[in-house]
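Novice: based on what follows, work out the 3D shape:
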Amino acid sequence: MFVVNSLPLAIVFCVITMLGWGSWANTQKLAGKEKWPFPLFYWDYGIGVLLFSLLFGHTFGSFGLTGTPLRENLHGSVSTFLLPALFSGIWFNLSNLLLVAGIDAAGMSVAFPVGVGLALVIGTVESYLQQPKGDPGLLFAGVAMIVFAMIVSALAHKRLPQGGERNLKKGLIFSIVAGAQMGYFYPQLLRSISPRFNSEPIIPGMLTPYTALVLFGVGVFVSNFVWNTIFMRSGKLNFADYFRGSARLHSLGIVGGAIWMLALSFNVIASSVAGPAVS
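Specialist: Numbers count the residues shown, from 1 in each chain. Next up, the predicted model:
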């Protein structure tokens, strides 16, 4: 399997991660909220996540002289480590849908800093406690800057003309709940992965990052039939609406999911060098 042993390359992977996580939502904007509501888009998003995880696992995760190929690793794994990877996808999926609901209610400028900022703070602290790597001074200075940015964003919004206060409160609630949940999916995913997978043999029963990512993708896709069905019903949508979508609309969702999964995959691979809290 492909691994990273160079810090500069790991940093490049982290930069690509941030670009992917910050840009996948553009595919939903291209689809158009009025023509293609988010719950319909999200079915294809889940398919894109699953397909990319399988593609990545059966290429980068199966070829090469390092580590254990995906299928062999999956057959030799145990439920103690399979379940956290699967559950991380289910957990993330709910938090991501709640974040989108918060953005719809309060707007991107309010909901996104609160939800994603809170997720970064919780995820960074939890990951560092799980696998302490990196300079703690620099790391927690970065956490403090994230919190500061969230506060400044809230204060800046207060200076704007107030309107739709009820939607703002609803959006903030969704965003806070989403951020609190999203912060825990990544540490849960890392619990299933063999530590130092880039330099030492995979611990028996534990997963390679590629196997864990496939199980994460399965968790996202399968949980859609619960979480996204609820969102569809709240939006008065049905599966007939989904199948009426054009090939272009469906492809945009798949591409969006693939971009997000590419970002997560690069992040997990980079964590072997940069540390989970840093990457």
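Novice: for residue 88, what are its contacts?
Specialist: By Cβ atoms under 8 Å, 6 or more residues apart in numbering, residue 88 lies in contact with 185, 186, 188, 189, 192, 216, 219. To be clear about C-beta, it is placed using only N, CA and C from the backbone, and glycine gets the same treatment.
Novice: closest one of these to residue 128?
Specialist: For residue 128, the closest of the contacts of residue 88 turns out to be residue 186, at 11.6 Å, with distances computed as Cβ to Cβ.
Novice: surely the closest one and residue 125 touch.
Specialist: No - the criterion here is Cβ atoms under 8 Å, and residue 186 misses it with residue 125 at 11.4 Å.
Novice: run through the helices of the protein in chain order.
Specialist: Counting by DSSP state H, the chain has helices at residues 7-23, 25-31, 38-59, 70-76, 79-106, 108-130, 136-158, 165-191, 209-234, 239-243, 247-274.
Novice: nearest to residue 198, of those?
Specialist: Of all these, it is helix 247-274 that lies closest to residue 198, at 3.9 Å by Cβ to Cβ.
Novice: just checking, what packs against that closest one?
Specialist: Other helices and strands packing on helix 247-274, by 3 or more Cβ pairs under 8 Å, 6 or more residues apart in numbering; DSSP states H and E, are helix 7-23, helix 25-31, helix 38-59, helix 165-191, helix 209-234.
Novice: low-scoring stretches of the stretch 101-250 of the chain, by residue?
Specialist: 107-109, 127, 130-131, 133-135, 150, 153-166 (pLDDT under 70).
Novice: apply 50 and report the result again.
Specialist: Scanning the stretch 101-250 of the chain for pLDDT under 50 picks out 164.
Novice: nearest residue to residue 206 other than its sequence neighbours?
Specialist: residue 194 (3.9 Å; Cβ to Cβ, 6 or more residues apart in numbering).
Novice: for residue 209, see how far away the one you found is.
Specialist: Going from residue 194 to residue 209 by Cβ to Cβ, to the nearest Å gives 9 Å.
Novice: ok, the two, which is more surrounded?
Specialist: residue 209 (29 against 23; other Cβ atoms under 10 Å).
Novice: excluding chain neighbours, give the residue nearest to the more buried one in space.
Specialist: residue 268 (4.6 Å).
Novice: quick one: contacts for the one you found?
Specialist: Residue 268 neighbours (Cβ under 8 Å, 6+ apart): 189, 190, 193, 209, 212, 213.
Novice: what's the farthest-apart pair in those residues?
Specialist: Applying Cβ to Cβ across the contacts of residue 268, the maximum distance is between 190 and 213, 11.4 Å.
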